[in-house]
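Engineer: sequence unknown, structure follows:
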């Protein structure tokens with residue numbers, strides 16, 4: 001009997017330890033990547049390249065991160081390194097159009113290595129297409145998510161009038177304020193319906209990760225982020241949100257979702273309810289001016305952020321070249 005009890009406990013401890021290590025790895029990634037990006041924003045490319053070596057083998061460096069690294073090298077006139085990381089970004093899905101229209105590559109496009117890029121582009125891009133073809137996307141789940149999104153778009157654009165029992169769609173007049181208000185209410189109502197339907201799907205089909213539903217992952221995340229009027233029910237006993245949270249946590253522990261994923265969703269829910277945010281990921285620049293009780297236990301904010309893989313809040317503001325708000329400083333450091 002003891003053997004059957006110990007095994008689930010061991011699995012739970014292993015998952016918890018992995019989750020903590022995963023979060024710590026993401027914290028280190030965030031700290032290095034955002035520092036590099038902050039120097040990029042300031043035009044200090046020679047400083048930005050100093051952080052690239054610490055990122056090159058990190059599991060969280062994906063398509064957009066590789067693309068930015070290539071741009072930084074291009075701006076620093078290190079075109080061989082720019083090409084090296086551009087190859088990696090293309091193999092992850094960046095396209096020739098991205099390179100042709102990005103001003104960061106102006107000097108690179110005038111270098112002879114741009115010819116090498118053009119000669120190899122199709123081969124690199126095919127690597128991405130081949131990887132896509134290997135994904136076993138749940139097409140039914142994908143279409144269910146997309147159809148819900150289309151229903152919201154339709155609700156915001158058309159109102160339904162019933163004539164002799166038949167529904168007639170009539171487009172809202174966007175020039176009329178009342179019509180605009182009705183359109184907004186219709187979209188909010190449909191968003192709430194979508195949220196409940198998606199939550200029910202998650203309980204039966206699992207969380208719609210990118211591996212499972214492809215690009216519909218972004219759409220599903222949007223539905224979970226903007227829960228509309230259903231939001232006041234999220235923290236009630238037996239809430240439909242609780243099994244969704246468990247599913248998200250399971251995917252985070254397996255490495256299929258970033259360890260920060262739930263933190264963002266939590267803060268959006270809290271701020272919409274007018275409650276203090278837990279990790280302060282939403283409305284950072286002006287939120288504390290509007291609401292004094294804006295952060296839960298502010299003196300431990302950075303400890304909580306690190307526990308889910310987020311960098312310090314000071315670095316977040318520095319990254320965006322924003323002054324650290326006096327209101328936030330008082331909350332975190334003063335009595």
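Structural biologist: In hand now; what should we look at? Quick caveat, the model's predicted, so the values are computed rather than measured.

Engineer: tell me the pLDDT at residue 110?
Structural biologist: The model reports residue 110 with a pLDDT of 96.

Engineer: Ok, residue 13 next?
Structural biologist: Turning to residue 13, the model gives it a pLDDT of 42.

Engineer: Same check on the one 5 residues further on?
Structural biologist: The per-residue pLDDT reported for residue 18 equals 46.

Engineer: What of the one 3 residues further on?
Structural biologist: pLDDT for residue 21: 83.

Engineer: and it, how many neighbours?
Structural biologist: By other Cβ atoms under 10 Å, 11 other residues sit near residue 21. C-beta: built from backbone N, CA, C; applies to glycine.

Engineer: And it, which helix or strand is it part of?
Structural biologist: Assigning secondary structure by DSSP states H and E places residue 21 in helix 2-41.

Engineer: and stretch 296-306, average pLDDT?
Structural biologist: Mean pLDDT, stretch 296-306: 94.

Engineer: that older thread, could you list the buried residues of the helix or strand just after the helix holding residue 21?
Structural biologist: Going down the chain from helix 2-41, the next helix or strand is helix 45-48, by DSSP H and E. Judged by neighbour count using 16 or more other Cβ atoms under 10 Å, the buried positions of helix 45-48 are 45, 47, 48.

Engineer: And stretch 29-39, by the same measure?
Structural biologist: Judged by neighbour count using 16+ other Cβ under 10 Å, the buried positions of stretch 29-39 are 29, 30, 31, 32, 33, 34, 35, 36, 37, 38, 39.

Engineer: Need the residues that contact that stretch.
Structural biologist: 45, 47-48, 50-52, 54-55, 58, 60-61, 65, 68-69, 72, 309-312, 315-316, 318-319, 321 (Cβ atoms under 8 Å, 6 or more residues apart in numbering).

Engineer: Can you select the buried ones from these in PyMOL?
Structural biologist: In PyMOL, this line selects whichever of the contacts of stretch 29-39 come out buried by 16+ other Cβ under 10 Å:
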select buried, resi 45+47+48+51+52+55+60+61+65+68+69+72+309+310+311+312+315+316+318+319
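
Engineer: and the contacts of stretch 29-39, which of them are in helices?
Structural biologist: Within the contacts of stretch 29-39, residues falling in helices by DSSP state H are 45, 47, 48, 65, 68, 69, 72, 315, 316, 318, 319.

Engineer: measure the first one to residue 103 for me?
Structural biologist: Translated: residue 45. Counting by Cβ to Cβ, to the nearest Å, the separation of residue 45 from residue 103 is 14 Å.
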